[in-house]
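Enquirer: what shape does this take:
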Amino acid sequence: MCINKTIFKEYDIRGTYPNEINDETAYLIGLGYGSYLQEKLDCKCCVVGRDNRLSSKNLSANLIRGITDSGCNVLNYGLITTPMHYLTRHLNNTYGIMVTASHNPKDDNGFKFSFDKLANARGQMIYDFRDYVLNGKFLNGLGKVTVKDIKQEYLAYMQKNIAMGPKKVKAVIDLGNGATTCIAKEIHSLFHNLDITYICDENDGTFPNHHPDPAVIENMQMLRNKVIEEKADIGIAYDGDGDRIGIISEKGDYIPADKFMIIMVRDLLPKINNKTILYDVKCTKALEDEIIKLQGTPYCYRTGTSYTEAKTKELNLEFGGEFSGHIFFNDRDYALGSGIYAGLRILEILSQCDKTVSELLEGITNYYSTPEIKIKTTNEEKFKIVDQVKEYVKSKNYTFNDIDGIRVNFDQGWALVRASNTGPNLTVRFEATTEEYLKELQDEFMDVLNKYV
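Expert: Residues are numbered from 1 along each chain as shown. Okay, the predicted model is just below:
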């Protein structure tokens, strides 16, 4: 069987097209997915969608061919965003698979898929499926394909769950030439007090203007420039498949997702019943401080959208998110991890008050932090290195959280060292109350890492 086992990651299947993932791979994944659903979950029908990458159309066709050759039926929704795919799973009360590599480079592709009703497959679920596929014992059958459209239901979901105020809001929105080009303008046209200028709004899976990852400041420069030029109230960007958000303030400042979450927490906590707020280990302590200040309960959890969504739903939390820009609202209707919906929620806040984005962040605890630092290593070594750092931390009697790598907590700051779940990297981040202590923390842990990397 010609399939590379390393494409099975912690959150999904992902690799370079056509070297690691190709049409044959897609067919085998489909054959395995359809067989697995029938054998393990007694499910004979699933939903399929795809993003707008150049390879996605062929991969989707071969994936569907594999699924139906196993005897499983397919509801094919064609070109959609990943959040639209989530809604197709919810409305059909079934499992599904989305052809996408999210925010990865244009030559990558992959599959996000589900085996439960909480979230995408994650961790051991994926590795069990990998072993099942590599075993090669699939079912045979004649499944049928039904072509479907989710657009009207998705538009209705957005309109039902957003209540704009009287103030007109001027926004610049960067679609990143990704899958959101298929729906974003129609969604925003539902709300008449929005004055929107779009950039990178052509459907182009080569992503000609910039890499579609709004968690990286460099990718936000076009948006920043346009916000300043237009004198807009806010800039909003989405990633390639539409499940993440990035924000630029009216001043042109990049607002990291954890700061965006502070704005949301300030708006939500007085209104919601379950006041536990979930965030991942990369997030600023200012978010924890704000949750406590508003009589909420902070819940620091592991990184990964599948884990974030699953835990948010499992605990029936009304809000959760992570530093990469995946945000889950569960306070009004079915929780969708949608960049467009998250953007509408901050536009809603701006339309209901007289504050700017910058003013909505006034009064938070001031910390100095590094961006997320990626250190190249190998998939084999990255977990070993984290274990070695953990031993060092134990030897120093430091306080730490090891839910995902090692987050070492000090009175004046914290240090994070974790193994990336999407590539051969360590991801490292530091935060402190002063610039001097930030440098001290960074120097200490980078020295430790340099011994092992």
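Enquirer: CA atoms for contacts and neighbours, from now on please.
Expert: Noted.
Enquirer: pretty sure residue 47 is touching residue 77, no?
Expert: Yes: here residue 47 lies in contact with residue 77, judged by CA atoms under 8 Å, at a distance of 7.3 Å.
Enquirer: who has more neighbours, the two?
Expert: residue 47 (27 against 20; other CA atoms under 10 Å).
Enquirer: for that one, which three-state class applies?
Expert: strand (DSSP: H, G, I helix; E, B strand; the rest coil).
Enquirer: about what we covered before: overlap of the contact sets of residue 47 and residue 77?
Expert: Contact criterion CA atoms under 8 Å, 6 or more residues apart in numbering; residues shared by residue 47 and residue 77: residue 85.
Enquirer: ok, the residue nearest to residue 44 when sequence neighbours are not counted - contacts?
Expert: Spatial nearest neighbour of residue 44, excluding adjacent residues (CA to CA, 6 or more residues apart in numbering): residue 72 at 4.8 Å. By CA under 8 Å, 6+ apart, the residues touching residue 72 are 34, 35, 38, 43, 44, 45, 46, 141, 142, 143, 144.
Enquirer: mind checking pLDDT for the residue nearest the centre of the chain?
Expert: The chain has residue 326 as the residue nearest its centroid, 3.8 Å off, counting by CA atoms, centre = their mean. pLDDT, residue 326: 97.
Enquirer: close enough to count as contact, it and residue 243?
Expert: Yes: using CA under 8 Å, residue 326 is in contact with residue 243, at 6.3 Å.
Enquirer: could you look up the SS state of residue 34?
Expert: helix.
Enquirer: where's it relative to residue 175, distance?
Expert: Here the distance between residue 34 and residue 175 works out to 33 Å (CA to CA, to the nearest Å).
Enquirer: tell me which of the two has more neighbours.
Expert: Using other CA under 10 Å as the criterion, residue 34 and residue 175 rank with residue 34 on top: 32 against 27.
Enquirer: mind checking how far the more buried one is from residue 360?
Expert: For residue 34, the distance to residue 360 - CA to CA - is 48 Å.
Enquirer: just checking, residue 172 touches residue 236?
Expert: Yes: between residue 172 and residue 236 there is a contact under CA under 8 Å: 6.4 Å.
Enquirer: higher neighbour count, these two?
Expert: Remark: of residue 172 and residue 236, residue 236 carries more neighbours, 27 against 24, as counted by other CA under 10 Å.
Enquirer: assumed that one was part of a strand.
Expert: Yes: counting by three-state DSSP, residue 236 is part of a strand.
Enquirer: ok, now which ones touch it?
Expert: With CA under 8 Å, 6+ apart, residue 236 has these contacts: 171, 172, 173, 174, 223, 245, 246, 247, 248, 343.
Enquirer: list the buried ones in stretch 345-365?
Expert: 345, 346, 347, 348, 349, 350, 351, 352, 357, 358, 360, 361 (16 or more other CA atoms under 10 Å).
Enquirer: kindly report the same for stretch 153-165.
Expert: 154, 155, 157, 158, 163, 164.
Enquirer: quick check, residue 146 in a helix?
Expert: No: going by three-state DSSP, the assignment for residue 146 is strand, not a helix.
Enquirer: tell me the bridge partners for it.
Expert: residue 75 (DSSP bridges).
Enquirer: thought it was touching residue 74?
Expert: Yes: between residue 146 and residue 74 there is a contact under CA under 8 Å: 6.3 Å.
Enquirer: okay, the two: which has more neighbours?
Expert: residue 74 (23 against 10).
Enquirer: okay, now residue 44: neighbour count?
Expert: 21.
Enquirer: list the residues that contact it.
Expert: Contacts of residue 44 (CA under 8 Å, 6+ apart): 34, 37, 38, 71, 72, 73.
Enquirer: what distance do you get for it to residue 321?
Expert: Taken as CA to CA, the span from residue 44 to residue 321 is 33 Å.
Enquirer: what's the answer for residue 426, then?
Expert: 21 Å.
Enquirer: what residues go with each domain of this structure?
Expert: 5-150, 167-255, 256-335, 368-452 (automatic domain parsing).
Enquirer: now do the contacts for residue 410.
Expert: Applying CA under 8 Å, 6+ apart, the residues near residue 410 are 398, 399.
Enquirer: that one pairs with what?
Expert: In beta-bridge terms (that is, DSSP bridges), residue 410 pairs with residue 413.
Enquirer: can you lay out the contacts of residue 72 as TSV showing distance to residue 94 and pLDDT?
Expert: Below are the contacts of residue 72 laid out as TSV (distance: CA to CA, whole Å; pLDDT from 0 to 100):
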residue	distance to residue 94	pLDDT
34	12	98
35	15	98
38	12	98
43	8	98
44	9	98
45	7	98
46	6	98
141	19	97
142	19	97
143	16	98
144	16	98
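Enquirer: reformat the residues you listed as CSV; add distance to residue 263.
Expert: Listed next are those as CSV, based on distance: CA to CA, whole Å:
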residue, distance to residue 263
34, 42
35, 45
38, 44
43, 41
44, 43
45, 40
46, 37
141, 51
142, 51
143, 47
144, 47
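Enquirer: now the strands for the stretch 201-350 of the chain?
Expert: Here the stretch 201-350 of the chain has its strands, by DSSP state E, counting those that start in this stretch, at 234-238, 245-248, 254-255, 276-280, 297-301, 319-321, 327-329.
Enquirer: need the ones you listed in a markdown table (columns: distance to residue 16).
Expert: A markdown table is the format used below for the strands of the stretch 201-350 of the chain (distance: least, CA to CA, whole Å):
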| stretch | distance to residue 16 |
| --- | --- |
| strand 234-238 | 22 |
| strand 245-248 | 24 |
| strand 254-255 | 30 |
| strand 276-280 | 28 |
| strand 297-301 | 30 |
| strand 319-321 | 28 |
| strand 327-329 | 27 |
